[in-house]
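A.B. asks: Fold the following.
(2 chains)
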Amino acid sequence: MTVLGIETSTAVCATGLSLEGRPAIERSLIESHIHSEKLLTLVQEVVSEAGISLTDVGAVAVSEGPGSFTGLRIGLSTAKGLCFTLRTPLVLVPTFEAIAEAARERYPDISGVVVAIDAKRDEFYVSKYAVTPTGVRLVEPLGILKADQVVRVAEGDSRTLVVTDSTERVSRGGGGSLVEHVHQFCRGSVVARVGRAKALKGESANLVSSEPLYLKDFVVRGSPVS
Amino acid sequence: MIILGIETSCDETSAAVVKDGKLVSNVTTAQLFHSKYGGVVPELASRAHQRRIVPAVEEALRVAGVTNRQLDAVSAVYGPGLVGAILVGLSFGKAMALGLGIPFVGVNHMEAHIFSNLIEDPKPGFPFLNLTVSGGHTQLVLVNDAFDYRILGETKDDAAGEAFDKVAKMLGIGYPGGPLIDKYAERGDPRWVNFPRPYLEEGSLEFSFSGLKTSVLYYLRRIGYQSSASRVKSINPTGYDEFLCNMCASFQAAVVDVLVHKTLLAAKRFSVKDITLAGGVAANSELRRRLMESATNVGYRVFVPKLEFCTDNGAMVAMVGYMKTKEGRTSSLELTAEPSLEL
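C.D. replies: Next up is the predicted model:
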């Protein structure tokens, strides 16, 4: 099965294809506020490089969050529009699982990955994965932590990689772990690959009711418009 | 030619199908939950669109009796409006077009409102004068031809619909203000308080409703409304109801007087024969009645859309989409949301 992957949860706008018995194909741009403009162009580029047609896509996998509300909205609405017309299943891939998987691919020797993404108001979305020879396994479920607590989750282990969009703030906290910027791990082909495994297990999402993983409940502050 | 239209620029999730220039379905779900916040909350509107977009489009296709694959183009609003809300319908619509291998047509929401008068017969003839009045806009437009517009006047501050919402809030009668004020005003005396009519300088086609809103506020302060409303309500419910009716009628009369006056002024100045009304406030019964009466008295033909085409709807979007597709005016899949897009 060929799976299209969409990753728009950060400033990276990425697409990728996971193909049966062929190397993955991917495209990405790192720039804020271009996702709505460029996402479909990047979809067309991976499809054309693979020499296939969109109708050959068997499932669409989208990075579900947490992340930028606007980015996630663009990614999921686009994925829904594609699934609705191509009549393919929609697969939601936990963003941090795809990031941890991309980190494992780059650094096969690490034992764990902590993903920590700025959640504003001096908080981080954090989860921790253990690296196994075949993939990553969730060991610390997704939560919202203060900056200084992020390092504690990594336990100062030199074989644990911390992946974040705020490398300076996280590094400042000390600890012996290696800290890397998240953008290089936001990859369309990895979302496609993780999504493909889920699709093959029949883990597809509801096309109508699926929403991004906002994680934070929205609290109405100040005056609404109009 | 079969065109799908998608509208998600504010708090209505709507989809419609136009077949060879005729509307065959229009499915709108309003997000009523915003009323408890006293206005539209953008983040919540965007989230609701995400849950409603597929059912709205599915239902519009089902009612029209067509399948995805029979569509010739997909159109969606790309502005003006709330950016997060627009992005849901726009991203979904563009992806549909790519998935089906058909053209995508981006639609300007203000242009779509004008086209709400071209959905059903009888239709106005070009050139005509259009007044769009809604929660976000108050605009007089000379429509020379489809896609050939000239803006004659706009609001300098609050939109007419915004003034309705704010006055309803001051009176404590709820949200959205338009339909509520309209309802109270039906039983009220429009001459009860003589609020100022913001005509601006002689002959001006611009609007301003901010001062009128302040006049209402000062009036309420002067009579000590805020402090005594609940007391009056409890000891004299009939008197309280009468007070609300009279206030609403007096405020509404001031707004309608200005809208009708300037519309007639513009119609005369630009020698049109037909006048159209559009936007959410076009649903106001007093505005519809007064414009119809005053304009027809002096020989104009007045066109007012059905209520379902006044508030935001997919039908007007599909109609623009149809006209644009026919003329080959399709858009790139790189079209993005423009929250402050102008006509």
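
A.B. asks: Worst mean pLDDT across the helices and strands of the chain, which element?
C.D. replies: Answering for chain A, as no chain was given. Here the helix or strand of chain A ranked lowest by mean pLDDT, DSSP states H and E is helix A:147-154, holding a mean of 80.

A.B. asks: Not quite, go with chain B.
C.D. replies: For chain B, judged by mean pLDDT, DSSP H and E, that is helix B:225-235, with a mean of 68.

A.B. asks: and the next element down the chain from that one?
C.D. replies: With elements assigned by DSSP states H and E, the helix or strand that comes after helix B:225-235 is helix B:237-269.

A.B. asks: contacting residues for the most centrally placed residue in chain B?
C.D. replies: In chain B, the residue lying closest to the centroid (Cα atoms, centre = their mean) is B:Gly279, at 2.2 Å. Neighbouring residues of B:Gly279 by Cβ atoms under 8 Å, 6 or more residues apart in numbering or on different chains: B:113, B:132-134, B:137, B:161, B:310. Using the backbone N, CA and C atoms, a C-beta is placed for each residue, glycine as well.

A.B. asks: Where does the closest residue to chain A within the stretch 1-150 of chain B sit, in terms of helix or strand?
C.D. replies: Proximity of the stretch 1-150 of chain B to chain A (Cβ to the nearest Cβ) peaks at B:Ala95, 2.7 Å away. Per DSSP H and E: B:Ala95 is located in helix B:83-100.

A.B. asks: and after that helix, which helix or strand comes next?
C.D. replies: Downstream of helix B:83-100, the first helix or strand assigned by DSSP H and E is strand B:104-108.

A.B. asks: quick one, that next one and helix B:83-100 angle?
C.D. replies: Orientation of strand B:104-108 against helix B:83-100 (axes from the mean of the first three to the mean of the last three Cα atoms, to 10 degrees) gives an angle of 160 degrees.

A.B. asks: Report the mean per-residue pLDDT for strand B:104-108.
C.D. replies: Strand B:104-108 comes out with an average pLDDT of 98.

A.B. asks: do the following helix or strand past that strand and chain A meet?
C.D. replies: Note on strand B:104-108: by DSSP H and E, the next helix or strand toward the C-terminus is helix B:109-115. No: applying Cβ under 8 Å from any Cβ of the partner chain, one finds helix B:109-115 out of contact with chain A, separated by at least 14.4 Å.

A.B. asks: Note down every partner strand of the helix or strand just after helix B:109-115 and its orientation.
C.D. replies: Counting by DSSP H and E, the element after helix B:109-115 in chain order, helix or strand, is strand B:128-133. With DSSP bridges as the test, strand B:128-133 is paired with strand B:138-145 (antiparallel), strand B:274-278 (parallel).

A.B. asks: List the buried residues in stretch B:208-222.
C.D. replies: For stretch B:208-222, the neighbour count (16 or more other Cβ atoms under 10 Å in any protein chain shown) marks B:208-210, B:212-213, B:215-216, B:219-220 as buried.

A.B. asks: ugh, wrong one, I meant stretch B:50-70
C.D. replies: If you call a residue buried by 16+ other Cβ under 10 Å, then stretch B:50-70 has these buried ones: B:50, B:52-58, B:60-61, B:64, B:66, B:68.

A.B. asks: same thing with stretch A:32-44?
C.D. replies: Applying a neighbour-count criterion of 16+ other Cβ under 10 Å, one finds A:35-43 buried in stretch A:32-44.

A.B. asks: any idea which of the residues you listed is closest to A:Glu168?
C.D. replies: A:His35 (24.6 Å; Cβ to Cβ).
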